[in-house]
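Q: Sequence first, then the predicted structure:
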Amino acid sequence: MKSVPVEYEYKQKFEHIFQLFSNGLLFIDEKGIILDVNSQTEEILQIDRDKIVGTSAVTILEMFTAPFESKKEFFNKLLRSGKSELFSEMNTFMGVLKYIHIKVSKQEDTNVYLTELHDESEKMHMKKRLNHTESLSTIGQLAASIAHEIRNPMTSLKGFTQLLYQTANEDGKRYLAVINDEIKRMEEILTEFLEVSKPTNNKVDYFEIKDLMLEVVNFMAPQALMQNIEIIVSLKIDSTCKILGDKNLVKQVFMNSIKNAIEAMPNGGKIQITISNTEQNDVCVELKDQGQGIAEEQLDKIFDPFFTTKSGGTGLGLSHIYKVIESHGGTIRVESKVGVGTTFTFILPQENRF
(Lines give C-alpha, C1' and ligand atoms only; values in the text may rest on other atoms or scores of the structure.)
Protein backbone atom coordinates (compact mmCIF):
# COMPACT_ATOMS: atom_id res chain seq x y z
CA MET A 1 0.00 0.00 0.00
CA LYS A 2 1.34 3.42 -1.00
CA SER A 3 2.22 5.62 2.00
CA VAL A 4 0.76 9.07 2.38
CA PRO A 5 3.35 11.90 2.62
CA VAL A 6 3.70 13.33 6.11
CA GLU A 7 2.90 16.84 4.92
CA TYR A 8 -0.51 15.73 3.64
CA GLU A 9 -1.24 13.90 6.88
CA TYR A 10 -0.46 17.15 8.65
CA LYS A 11 -2.85 19.06 6.40
CA GLN A 12 -5.65 16.54 6.95
CA LYS A 13 -5.11 16.71 10.71
CA PHE A 14 -5.73 20.43 10.74
CA GLU A 15 -8.13 20.62 7.79
CA HIS A 16 -10.90 22.38 9.77
CA ILE A 17 -8.47 25.01 11.03
CA PHE A 18 -6.91 25.35 7.58
CA GLN A 19 -10.19 26.25 5.88
CA LEU A 20 -11.74 28.35 8.66
CA PHE A 21 -8.64 30.30 9.68
CA SER A 22 -9.28 34.04 9.41
CA ASN A 23 -5.87 34.78 7.87
CA GLY A 24 -4.08 33.31 4.89
CA LEU A 25 -2.40 29.93 5.39
CA LEU A 26 0.05 28.14 3.12
CA PHE A 27 1.72 24.74 3.42
CA ILE A 28 5.22 24.74 1.92
CA ASP A 29 7.53 21.74 1.73
CA GLU A 30 11.25 21.68 2.55
CA LYS A 31 12.10 22.38 -1.11
CA GLY A 32 10.08 25.59 -1.04
CA ILE A 33 7.17 24.30 -3.12
CA ILE A 34 3.65 25.44 -2.20
CA LEU A 35 1.57 22.38 -1.30
CA ASP A 36 -1.74 24.05 -0.55
CA VAL A 37 -3.36 27.37 0.37
CA ASN A 38 -6.65 28.26 2.01
CA SER A 39 -9.36 30.54 0.63
CA GLN A 40 -8.11 33.55 2.62
CA THR A 41 -4.75 33.29 0.85
CA GLU A 42 -6.54 33.38 -2.49
CA GLU A 43 -8.35 36.54 -1.41
CA ILE A 44 -5.23 38.26 -0.06
CA LEU A 45 -3.01 37.44 -3.04
CA GLN A 46 -5.90 37.87 -5.50
CA ILE A 47 -5.20 34.61 -7.36
CA ASP A 48 -6.87 31.22 -7.69
CA ARG A 49 -5.45 28.35 -5.67
CA ASP A 50 -4.74 26.22 -8.74
CA LYS A 51 -2.38 28.84 -10.15
CA ILE A 52 0.04 28.88 -7.20
CA VAL A 53 -0.12 25.36 -5.76
CA GLY A 54 2.96 23.52 -7.02
CA THR A 55 4.95 26.71 -7.66
CA SER A 56 7.92 28.05 -5.71
CA ALA A 57 7.21 30.05 -2.54
CA VAL A 58 9.97 32.44 -3.63
CA THR A 59 7.39 33.91 -6.03
CA ILE A 60 5.37 35.06 -3.03
CA LEU A 61 8.37 36.62 -1.31
CA GLU A 62 9.34 38.49 -4.48
CA MET A 63 5.98 40.26 -4.34
CA PHE A 64 7.05 42.05 -1.16
CA THR A 65 8.63 45.48 -1.66
CA ALA A 66 10.92 45.11 1.37
CA PRO A 67 14.65 45.79 0.71
CA PHE A 68 16.84 42.87 -0.33
CA GLU A 69 18.67 42.93 3.03
CA SER A 70 15.39 42.50 4.92
CA LYS A 71 14.43 39.51 2.79
CA LYS A 72 17.91 38.01 3.24
CA GLU A 73 17.65 38.37 7.02
CA PHE A 74 14.19 36.80 6.86
CA PHE A 75 15.63 33.72 5.13
CA ASN A 76 18.68 33.49 7.41
CA LYS A 77 16.57 33.61 10.55
CA LEU A 78 14.24 30.94 9.17
CA LEU A 79 17.20 28.63 8.50
CA ARG A 80 18.73 29.28 11.94
CA SER A 81 15.67 28.98 14.15
CA GLY A 82 12.92 27.52 12.01
CA LYS A 83 10.84 30.67 12.53
CA SER A 84 10.82 34.07 10.87
CA GLU A 85 8.50 36.95 10.06
CA LEU A 86 8.41 40.03 7.86
CA PHE A 87 6.14 43.06 7.61
CA SER A 88 6.14 44.87 4.30
CA GLU A 89 4.10 46.31 1.49
CA MET A 90 3.40 43.90 -1.33
CA ASN A 91 1.82 44.04 -4.77
CA THR A 92 -0.77 41.31 -5.29
CA PHE A 93 -1.12 39.32 -8.51
CA MET A 94 -3.72 41.92 -9.55
CA GLY A 95 -1.30 44.77 -8.82
CA VAL A 96 -3.06 46.02 -5.66
CA LEU A 97 -0.78 47.40 -2.95
CA LYS A 98 -1.34 45.75 0.45
CA TYR A 99 0.39 45.70 3.83
CA ILE A 100 1.13 42.11 4.79
CA HIS A 101 2.61 40.53 7.92
CA ILE A 102 4.03 37.12 7.00
CA LYS A 103 5.00 34.52 9.62
CA VAL A 104 6.71 31.24 8.80
CA SER A 105 7.40 28.34 11.18
CA LYS A 106 8.73 24.84 10.54
CA GLN A 107 6.59 22.15 12.18
CA GLU A 108 8.62 19.85 14.42
CA ASP A 109 6.85 16.62 13.45
CA THR A 110 7.10 17.15 9.69
CA ASN A 111 9.07 18.95 7.00
CA VAL A 112 6.18 21.31 6.33
CA TYR A 113 6.60 25.07 6.73
CA LEU A 114 3.39 26.67 7.96
CA THR A 115 3.07 30.18 6.57
CA GLU A 116 0.57 32.78 7.81
CA LEU A 117 -0.41 35.88 5.85
CA HIS A 118 -1.99 38.67 7.89
CA ASP A 119 -3.55 41.43 5.78
CA GLU A 120 -3.06 44.62 7.80
CA SER A 121 -3.89 47.01 4.97
CA GLU A 122 -6.99 48.48 6.62
CA LYS A 123 -5.14 49.00 9.90
CA MET A 124 -2.32 50.84 8.11
CA HIS A 125 -4.74 53.01 6.14
CA MET A 126 -6.54 53.95 9.37
CA LYS A 127 -3.22 54.75 11.03
CA LYS A 128 -2.24 56.98 8.12
CA ARG A 129 -5.59 58.79 8.27
CA LEU A 130 -5.19 59.26 12.02
CA ASN A 131 -1.63 60.58 11.66
CA HIS A 132 -2.79 62.90 8.89
CA THR A 133 -5.64 64.25 11.02
CA GLU A 134 -3.32 64.78 13.98
CA SER A 135 -0.84 66.61 11.75
CA LEU A 136 -3.56 68.89 10.40
CA SER A 137 -4.76 69.60 13.93
CA THR A 138 -1.25 70.61 15.02
CA ILE A 139 -0.81 72.83 11.97
CA GLY A 140 -4.18 74.40 12.63
CA GLN A 141 -3.23 75.37 16.15
CA LEU A 142 0.09 76.76 14.93
CA ALA A 143 -1.51 78.69 12.10
CA ALA A 144 -4.21 80.24 14.25
CA SER A 145 -1.66 81.46 16.78
CA ILE A 146 0.72 83.18 14.34
CA ALA A 147 -1.24 84.18 11.24
CA HIS A 148 -2.96 87.26 12.63
CA GLU A 149 0.25 88.42 14.34
CA ILE A 150 2.11 88.32 11.02
CA ARG A 151 -0.65 89.95 8.98
CA ASN A 152 -0.63 93.18 11.00
CA PRO A 153 2.99 94.17 10.18
CA MET A 154 2.52 92.93 6.62
CA THR A 155 -0.37 95.32 6.13
CA SER A 156 1.90 98.17 7.27
CA LEU A 157 4.67 97.07 4.90
CA LYS A 158 2.25 96.95 2.00
CA GLY A 159 1.01 100.45 2.76
CA PHE A 160 4.52 101.91 2.96
CA THR A 161 5.57 100.30 -0.34
CA GLN A 162 2.58 101.91 -2.03
CA LEU A 163 3.56 105.33 -0.60
CA LEU A 164 7.20 104.92 -1.64
CA TYR A 165 6.15 103.88 -5.15
CA GLN A 166 4.66 107.35 -5.76
CA THR A 167 8.00 109.13 -5.29
CA ALA A 168 10.49 106.44 -6.38
CA ASN A 169 12.58 106.56 -9.55
CA GLU A 170 12.42 103.78 -12.15
CA ASP A 171 14.95 101.53 -10.38
CA GLY A 172 13.19 102.07 -7.07
CA LYS A 173 9.83 101.18 -8.62
CA ARG A 174 11.24 97.90 -9.93
CA TYR A 175 12.57 97.01 -6.49
CA LEU A 176 9.29 97.97 -4.84
CA ALA A 177 7.37 95.85 -7.35
CA VAL A 178 9.46 92.84 -6.33
CA ILE A 179 8.86 93.58 -2.65
CA ASN A 180 5.13 93.92 -3.27
CA ASP A 181 5.03 90.58 -5.14
CA GLU A 182 6.79 88.87 -2.24
CA ILE A 183 4.30 90.38 0.23
CA LYS A 184 1.44 89.02 -1.88
CA ARG A 185 3.10 85.59 -1.85
CA MET A 186 3.37 85.74 1.95
CA GLU A 187 -0.33 86.64 2.15
CA GLU A 188 -1.20 83.62 -0.01
CA ILE A 189 0.79 81.33 2.31
CA LEU A 190 -0.96 82.77 5.36
CA THR A 191 -4.33 82.26 3.68
CA GLU A 192 -3.51 78.59 3.11
CA PHE A 193 -2.49 78.23 6.76
CA LEU A 194 -5.73 79.81 7.89
CA GLU A 195 -7.80 77.56 5.62
CA VAL A 196 -6.22 74.51 7.25
CA SER A 197 -6.71 75.95 10.74
CA LYS A 198 -10.40 76.71 10.30
CA PRO A 199 -12.72 74.43 12.27
CA THR A 200 -15.04 72.35 10.12
CA ASN A 201 -18.31 74.19 10.70
CA ASN A 202 -20.02 73.05 7.54
CA LYS A 203 -22.83 75.08 5.97
CA VAL A 204 -24.81 72.02 5.07
CA ASP A 205 -27.16 72.09 2.11
CA TYR A 206 -27.98 70.04 -0.99
CA PHE A 207 -26.36 71.17 -4.23
CA GLU A 208 -26.11 69.78 -7.75
CA ILE A 209 -22.62 68.44 -8.45
CA LYS A 210 -23.00 68.94 -12.23
CA ASP A 211 -23.88 72.62 -11.85
CA LEU A 212 -21.05 73.17 -9.38
CA MET A 213 -18.46 71.61 -11.68
CA LEU A 214 -19.61 73.57 -14.72
CA GLU A 215 -19.42 76.74 -12.65
CA VAL A 216 -15.85 75.90 -11.62
CA VAL A 217 -14.80 75.02 -15.17
CA ASN A 218 -16.21 78.28 -16.55
CA PHE A 219 -14.29 80.19 -13.89
CA MET A 220 -11.00 78.36 -14.61
CA ALA A 221 -11.40 78.40 -18.42
CA PRO A 222 -9.55 81.73 -19.04
CA GLN A 223 -6.53 80.56 -17.03
CA ALA A 224 -6.52 77.25 -18.91
CA LEU A 225 -6.82 79.01 -22.27
CA MET A 226 -3.79 81.17 -21.46
CA GLN A 227 -1.78 77.97 -20.95
CA ASN A 228 -3.11 76.34 -24.14
CA ILE A 229 -5.11 73.82 -22.10
CA GLU A 230 -8.54 72.46 -23.01
CA ILE A 231 -10.90 71.39 -20.22
CA ILE A 232 -13.37 68.68 -21.26
CA VAL A 233 -16.32 67.70 -19.06
CA SER A 234 -18.12 64.37 -19.56
CA LEU A 235 -21.37 63.77 -17.70
CA LYS A 236 -22.28 60.13 -17.08
CA ILE A 237 -24.86 60.69 -14.37
CA ASP A 238 -28.60 60.86 -13.92
CA SER A 239 -30.39 64.15 -14.51
CA THR A 240 -30.19 64.91 -10.80
CA CYS A 241 -27.15 64.10 -8.69
CA LYS A 242 -27.04 66.12 -5.48
CA ILE A 243 -24.49 66.27 -2.69
CA LEU A 244 -25.19 67.17 0.91
CA GLY A 245 -22.43 69.39 2.19
CA ASP A 246 -20.70 72.76 2.14
CA LYS A 247 -20.91 73.94 -1.47
CA ASN A 248 -18.19 76.58 -1.09
CA LEU A 249 -15.69 74.14 0.38
CA VAL A 250 -16.31 71.53 -2.33
CA LYS A 251 -16.09 74.25 -4.97
CA GLN A 252 -12.72 75.27 -3.57
CA VAL A 253 -11.53 71.64 -3.77
CA PHE A 254 -12.27 71.40 -7.49
CA MET A 255 -10.88 74.85 -8.23
CA ASN A 256 -7.60 73.97 -6.51
CA SER A 257 -7.49 70.58 -8.24
CA ILE A 258 -7.91 72.13 -11.71
CA LYS A 259 -5.37 74.81 -10.82
CA ASN A 260 -2.87 72.11 -9.85
CA ALA A 261 -3.54 70.28 -13.12
CA ILE A 262 -2.96 73.46 -15.13
CA GLU A 263 0.32 74.13 -13.31
CA ALA A 264 1.45 70.56 -14.04
CA MET A 265 1.00 71.14 -17.81
CA PRO A 266 3.40 73.93 -18.84
CA ASN A 267 3.31 72.74 -22.46
CA GLY A 268 -0.47 72.65 -22.71
CA GLY A 269 -2.75 69.67 -23.26
CA LYS A 270 -6.14 68.45 -22.05
CA ILE A 271 -7.84 68.09 -18.68
CA GLN A 272 -10.58 65.46 -18.78
CA ILE A 273 -13.24 65.69 -16.05
CA THR A 274 -15.74 62.84 -15.82
CA ILE A 275 -18.71 62.80 -13.44
CA SER A 276 -20.41 59.46 -12.89
CA ASN A 277 -22.08 57.27 -10.27
CA THR A 278 -20.47 54.34 -8.48
CA GLU A 279 -22.21 51.00 -7.96
CA GLN A 280 -23.20 52.28 -4.51
CA ASN A 281 -24.75 55.35 -6.21
CA ASP A 282 -22.10 57.66 -4.78
CA VAL A 283 -20.78 60.52 -6.91
CA CYS A 284 -17.49 59.90 -8.69
CA VAL A 285 -15.53 62.87 -10.06
CA GLU A 286 -12.45 61.89 -12.06
CA LEU A 287 -9.98 64.62 -12.98
CA LYS A 288 -7.29 63.50 -15.42
CA ASP A 289 -4.46 65.68 -16.71
CA GLN A 290 -1.61 65.21 -19.17
CA GLY A 291 0.97 66.77 -16.91
CA GLN A 292 4.40 65.88 -15.63
CA GLY A 293 3.10 63.18 -13.30
CA ILE A 294 4.15 62.22 -9.77
CA ALA A 295 6.88 59.72 -8.93
CA GLU A 296 5.58 56.48 -7.40
CA GLU A 297 7.56 56.94 -4.17
CA GLN A 298 5.90 60.34 -3.64
CA LEU A 299 2.26 59.30 -4.14
CA ASP A 300 1.77 58.25 -0.51
CA LYS A 301 3.09 61.61 0.70
CA ILE A 302 1.26 64.16 -1.43
CA PHE A 303 -1.51 64.72 1.13
CA ASP A 304 0.96 65.14 4.01
CA PRO A 305 1.19 68.71 5.35
CA PHE A 306 4.22 70.63 4.02
CA PHE A 307 5.09 68.00 1.41
CA THR A 308 5.30 69.57 -2.03
CA THR A 309 6.92 68.93 -5.40
CA LYS A 310 6.52 72.56 -6.45
CA SER A 311 9.28 75.13 -6.06
CA GLY A 312 7.85 77.75 -3.74
CA GLY A 313 4.87 75.60 -2.78
CA THR A 314 3.65 75.38 0.81
CA GLY A 315 2.53 71.76 0.75
CA LEU A 316 -0.81 72.73 2.28
CA GLY A 317 -3.08 72.81 -0.78
CA LEU A 318 -3.60 69.05 -1.09
CA SER A 319 -3.77 68.71 2.70
CA HIS A 320 -6.73 71.07 2.67
CA ILE A 321 -8.36 69.16 -0.21
CA TYR A 322 -7.98 65.93 1.73
CA LYS A 323 -9.47 67.52 4.85
CA VAL A 324 -12.54 68.84 3.00
CA ILE A 325 -13.28 65.57 1.17
CA GLU A 326 -12.81 63.56 4.37
CA SER A 327 -15.14 65.89 6.29
CA HIS A 328 -17.81 65.19 3.65
CA GLY A 329 -17.48 61.44 4.16
CA GLY A 330 -15.62 61.05 0.87
CA THR A 331 -12.37 59.50 -0.32
CA ILE A 332 -9.64 60.39 -2.82
CA ARG A 333 -7.67 58.04 -5.06
CA VAL A 334 -4.59 59.11 -7.02
CA GLU A 335 -2.96 57.41 -9.99
CA SER A 336 0.03 58.90 -11.74
CA LYS A 337 2.81 58.11 -14.17
CA VAL A 338 5.79 60.40 -14.70
CA GLY A 339 5.69 62.00 -18.13
CA VAL A 340 2.13 60.81 -18.79
CA GLY A 341 -0.14 62.53 -16.26
CA THR A 342 -2.13 62.21 -13.06
CA THR A 343 -5.70 61.19 -12.29
CA PHE A 344 -7.48 62.28 -9.10
CA THR A 345 -10.69 60.40 -8.33
CA PHE A 346 -13.05 61.95 -5.77
CA ILE A 347 -15.83 59.79 -4.31
CA LEU A 348 -18.58 61.67 -2.45
CA PRO A 349 -21.70 60.14 -0.91
CA GLN A 350 -25.06 61.55 -2.00
CA GLU A 351 -26.34 61.12 1.54
CA ASN A 352 -24.02 62.36 4.26
CA ARG A 353 -23.99 62.90 8.01
CA PHE A 354 -21.99 65.72 9.58
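A: Cool, got the structure.

Q: First residue to last residue on stretch 111-124, what's the distance there?
A: 34 Å (C-alpha to C-alpha, to the nearest Å).

Q: now do stretch 40-49
A: With C-alpha to C-alpha as the measure, the ends of stretch 40-49 fall 10 Å from one another.

Q: Going by neighbour count, list what's buried in it.
A: Gln40, Thr41, Glu42, Ile44, Leu45 (16 or more other C-beta atoms under 10 Å). Heads up, the C-betas are built off the backbone N, CA and C, glycines and all.

Q: Which parts of the protein are helices?
A: Remark: helices assigned in the chain by DSSP state H are 6-13, 15-20, 39-45, 58-62, 68-81, 121-167, 170-197, 209-226, 247-263, 317-327.

Q: low-scoring stretches of the stretch 151-300 of the chain, by residue?
A: In the predicted model of the stretch 151-300 of the chain, residues 151-152, 189, 191-203, 238-239 satisfy pLDDT under 70.

Q: ok, Met265 - contacts?
A: Contact analysis of Met265 by C-beta atoms under 8 Å, 6 or more residues apart in numbering lists Gln227, Ile229, Ile271, Asp289, Gln290, Gly291, Gln292.

Q: Buried only: go through the residues you listed for me.
A: Applying 16+ other C-beta under 10 Å to these, the neighbour count classes Ile229, Ile271, Asp289, Gln290, Gly291, Gln292 as buried.

Q: how close does the first one get to Ile321?
A: When C-beta to C-beta, to the nearest Å is the yardstick, Ile229 and Ile321 sit 20 Å from each other.

Q: Quick one: residues contacting Ser56.
A: Taking C-beta under 8 Å, 6+ apart, we find Ser56 in contact with Gly32, Ile33, Ile34.

Q: just Leu163 next, same as before
A: By C-beta under 8 Å, 6+ apart, Leu163 lies in contact with nothing.

Q: now the contacts of Ser56 in JSON lines, with neighbour count, pLDDT and distance to Arg80?
A: Shown next, in JSON lines, are the contacts of Ser56 (neighbours: other C-beta atoms under 10 Å; pLDDT from 0 to 100; distance: C-beta to C-beta, whole Å):
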{"residue": "Gly32", "neighbour count": "13", "pLDDT": "88", "distance to Arg80": "17"}
{"residue": "Ile33", "neighbour count": "13", "pLDDT": "91", "distance to Arg80": "22"}
{"residue": "Ile34", "neighbour count": "21", "pLDDT": "91", "distance to Arg80": "23"}
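
Q: Which one of these is nearest to Phe68?
A: Ranked by distance to Phe68 (C-beta to C-beta), the contacts of Ser56 are led by Gly32 at 17.8 Å.

Q: May I ask you to confirm that that closest one is in contact with Thr59?
A: No. The pair Gly32 and Thr59 does not pass the contact test of C-beta atoms under 8 Å, sitting 9.8 Å apart.

Q: Make JSON lines out of the buried ones among the contacts of Met265 and add distance to Ile325.
A: JSON lines is the format used below for the buried ones among the contacts of Met265 (distance: C-beta to C-beta, whole Å):
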{"residue": "Ile229", "distance to Ile325": "24"}
{"residue": "Ile271", "distance to Ile325": "19"}
{"residue": "Asp289", "distance to Ile325": "18"}
{"residue": "Gln290", "distance to Ile325": "23"}
{"residue": "Gly291", "distance to Ile325": "21"}
{"residue": "Gln292", "distance to Ile325": "23"}
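
Q: Could you count how many residues lie near Phe75?
A: Residues contacting Phe75 under the criterion other C-beta atoms under 10 Å number 14.

Q: where's it relative to Gly268, distance?
A: Remark: distance between Phe75 and Gly268 (C-beta to C-beta) = 51 Å.

Q: do Thr331 as well
A: Counting by C-beta to C-beta - Thr331 and Gly268 are separated by 31 Å.
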